[in-house]
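# Sequence and predicted model, in that order:
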Amino acid sequence: MEVFFVDYGDVEYLSCDKLLPMPVVLRRMPFQAIECSCLDVEPLNVQWTEDDCDAFHNLFYDKNLLAQVCHSMPCYCGPTGCLQLMEILEIHWNLIVPR
């Protein structure tokens, strides 16, 4: 059975004895993660290597980022977004509370 992990986009093939039925309450919920790509970000080579992934991770790990959706397109598991990531150097939270 092919299993698609929506959080990281991995695909794994598992035998049926490794699978459990998903509770109905979870099947009714929308995905809690969506597939995205980053605007103008490509691997150094044709395919992403482990070194490429490590470099990308190191650029953004433990930083405050703002993700702006540039455009989206349909995908079999829901919409796919193309994001532009911007580092937030200073955070000012303004809360708007309805009266």
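Looks like it arrived, so ask away.
# Look at residue 47 and say how many residues are nearby.
Residue 47: 7 surrounding residues under other C-beta atoms under 10 Å. From N, CA and C alone the C-beta is placed, and that goes for glycine too.
# Give me the pLDDT for it.
For residue 47, the pLDDT comes out at 87.
# How are the strands of this structure distributed by residue range?
Along the chain, counting by DSSP state E, strands occupy 2-4, 11-13, 36-38, 65-75, 78-87.
# among those strands, which is nearest residue 44?
strand 36-38 (14.6 Å; C-beta to C-beta).
# Take the lengthiest helix in the chain, keep the C-alpha atoms, and write them as PDB.
Secondary structure of the chain per DSSP state H: the longest helix is helix 50-60. Output of helix 50-60 as PDB, limited to C-alpha atoms (Å, rounded to 0.1, in the frame of the first residue of the first chain):
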ATOM      1  CA  GLU A  50      21.100  15.800   1.200                       C
ATOM      2  CA  ASP A  51      23.700  18.600   1.100                       C
ATOM      3  CA  ASP A  52      21.100  20.900  -0.600                       C
ATOM      4  CA  CYS A  53      18.500  20.000   2.000                       C
ATOM      5  CA  ASP A  54      21.000  20.700   4.800                       C
ATOM      6  CA  ALA A  55      21.900  24.100   3.400                       C
ATOM      7  CA  PHE A  56      18.300  25.000   3.000                       C
ATOM      8  CA  HIS A  57      17.500  23.900   6.500                       C
ATOM      9  CA  ASN A  58      20.500  25.900   7.900                       C
ATOM     10  CA  LEU A  59      19.300  29.100   6.200                       C
ATOM     11  CA  PHE A  60      15.900  29.000   7.900                       C
END
